[in-house]
Each structure stands twice: as structure tokens, then as C-alpha cells.
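Colleague: Next input, structure requested:
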Amino acid sequence: MAEKRYFWLKLYDDFFTSKRIKKLRSIAGGDTYTIIYLKMQLKALKTDGYLYFDGVMNDFAEELALDIDESPEDVKVTINYLMSVGLLETNDGEEYKLPFLDKCIGSENASAQRVREHRAKQKALQCNTDVTEVKRVCNAEIDIEKDKEIDKSKSNKFTPPTLEEVKEYCKERNNTVDPDTFINFYESKGWFVGKNKMKDWRACVRTWERNRNSTQKKTGYDLYRETKSSNYNFDELEKEIKNGTHH
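Modeller: Down below sits the predicted model:
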């Protein structure tokens, strides 16, 4: 079983006096929106500042509201404000990033916590000893910080999915993405998306799914319904589709 890991959110001392937060709080209901922003940061602690839309609800705001137990209307107002002042970013509407959160995330595993607390006690007991002993304790604290950085870099490492994982996820979403093609495609690219290393393979599956849905060919009946015209030559349209000449 993986060892338990602890995360915490660090706020700068000027958080509530920064212009962006002061402006947010000045809006009617601003204190509620500020709390929602803090909840969003807490939710993104374990994903390096990213929030994801999984398609469970109609849109990202409704899904986030469900996760953090806030009203969809308040969450939508908060998201719109954060986007307008650069505190929230997205490229595709499925992956959202809190751009300054990575500097405010702290974490350590249970072993590191126990060692840190123990050494902190030892440091307090030895604070009045000779200079050599003080240096030893200080060096121990530096080692703990190095261990924390190593743990963080390991936890952020992307692990490519197995074929079974992709198959299960595609089955769960009931899409037409071919898992073999997906795996082979990204293996050939070294699991890069453009110039960047892939961070979330599930988000890539959803992108493939959306692209496939948007390029599905319409049937003659679909096109007939879209015209909503009794004068439309439906028989001629069906001929074109059958012969492959309709565009």
C-alpha cells in the first residue's frame, strides 16, 4: 500500500490585500467567491494546480460546484472573474490551471513528517549546546528539505497507461476511440502532446472522443431535419449521399 502523503496550501501574507482579491471581495457576495477560490486551490493541490472537467455535469462550473459543495451560480461567477484577471486559465475547456498555485503547494509523506517532527524536537533540546552540535541539526533539516523535493519530483512523474486502462476508460465513457490506435500513436511520440510531455492521458482520450464526434458524417435524415423545409428534395439528397457526391 502506498504511504500516506500530506498536502497543504501556503498563502502569502498579502493574499487578502492583493488588488485582485480585494476587487473580488468588493463584488456583492465577494466573500463567498473568495472562499470558492480557496476551495479550488485546495482541490488542485494533488494535481499540481490543475482542475479537470470530466463531463459528468453539463459544464465545468456545474461539475466543480458539485465537488466543492457550492452553488453552480456562485461558482460560475467566480470562474468568470478568475479568468478575467488571469487567476485561472484554460485552452480547451476541459483542463483548467491555477497559474500561481505551484508556488503555494507543500507536501510530504508520513515518514518525512515523523522525521521532521522528531528532529525539530531534538533541535529544540540541543539549541543551547555547542556550535558543532547546532550545525549537525541544521544539516539534518537541509537533508529533509532535499528529501521533500525528491518526493515531489517522483510524484509528478507521468506514467503511461496500459492498454487495459485505456480500454476500460473508453468503455466507461462509451466512446468510439480505438485504444490500440491511441496507445500506438502516443508511444511513437514518446508520450508527448505537441512539444510538451503528456500530463493526463484521460484528458487526451476525451479530446480524441470530441474530435471524432465533431467529424461524424450526418445521415440524409439528419440533413433533412436541419433544412426544416417541405420543399427540400429529400430523394435527390439521399442519392447524393449514396453515391458519395454530397458535401
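Colleague: what sits against the nearest residue to V193 once chain neighbours are set aside?
Modeller: Nearest residue to V193 in three dimensions, chain neighbours excluded: C204, at 6.5 Å (C-beta to C-beta, 6 or more residues apart in numbering). For every residue, glycine as well, the C-beta is placed using N, CA and C. The contact partners of C204, taken as C-beta atoms under 8 Å, 6 or more residues apart in numbering, are F182, Y186, V193, M198.
Colleague: now N174
Modeller: Here N174 is in contact with no residues (criterion: C-beta under 8 Å, 6+ apart).
Colleague: Distance check, it against G55.
Modeller: Distance of N174 to G55, given as C-beta to C-beta, to the nearest Å: 11 Å.
Colleague: Could you report the pLDDT at D13?
Modeller: pLDDT recorded at D13 is 83.
Colleague: err, E164, not the other one
Modeller: 94.
Colleague: buried set for the helix or strand containing it?
Modeller: Using DSSP states H and E, E164 sits in helix 163-173. Across helix 163-173, burial judged by 16 or more other C-beta atoms under 10 Å covers V166, K167, Y169, C170.
Colleague: Following it in sequence, what is the next regular element?
Modeller: Following helix 163-173 in sequence, per DSSP H and E, is helix 179-188.
Colleague: buried stuff in that following helix?
Modeller: P179, F182, I183, Y186.
Colleague: Quick check: of the residues you listed, which lies closest to Y50?
Modeller: Y186 (18.9 Å; C-beta to C-beta).
Colleague: Out of the buried residues of helix 163-173, flag the one nearest to E95.
Modeller: For the buried residues of helix 163-173, the nearest to E95 is Y169 (16.0 Å; C-beta to C-beta).
Colleague: Pull up the gap between the closest one and K43, please.
Modeller: In terms of C-beta to C-beta, Y169 sits 21 Å off from K43.
Colleague: And for D69?
Modeller: 11 Å.
Colleague: Turn the buried residues of helix 179-188 into CSV, columns for pLDDT and distance to Y50.
Modeller: Below are the buried residues of helix 179-188 laid out as CSV (pLDDT from 0 to 100; distance: C-beta to C-beta, whole Å):
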residue, pLDDT, distance to Y50
P179, 93, 24
F182, 91, 21
I183, 92, 23
Y186, 90, 19
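Colleague: Just give me the closest of these to A65.
Modeller: Among the buried residues of helix 179-188, and counting by C-beta to C-beta, the member closest to A65 is F182, at 31.0 Å.
Colleague: Disregarding flanking residues, what is the spatial nearest neighbour of the closest one?
Modeller: The nearest residue in space to F182 (C-beta to C-beta, 6+ apart) is V166, at 5.7 Å.
Colleague: isn't there a helix covering L51?
Modeller: No: looking at L51 with DSSP: H, G, I helix; E, B strand; the rest coil, it is strand, so not inside a helix.
Colleague: Any idea what it is bridged to?
Modeller: On the basis of DSSP bridges, L51 is bridged to Y96.
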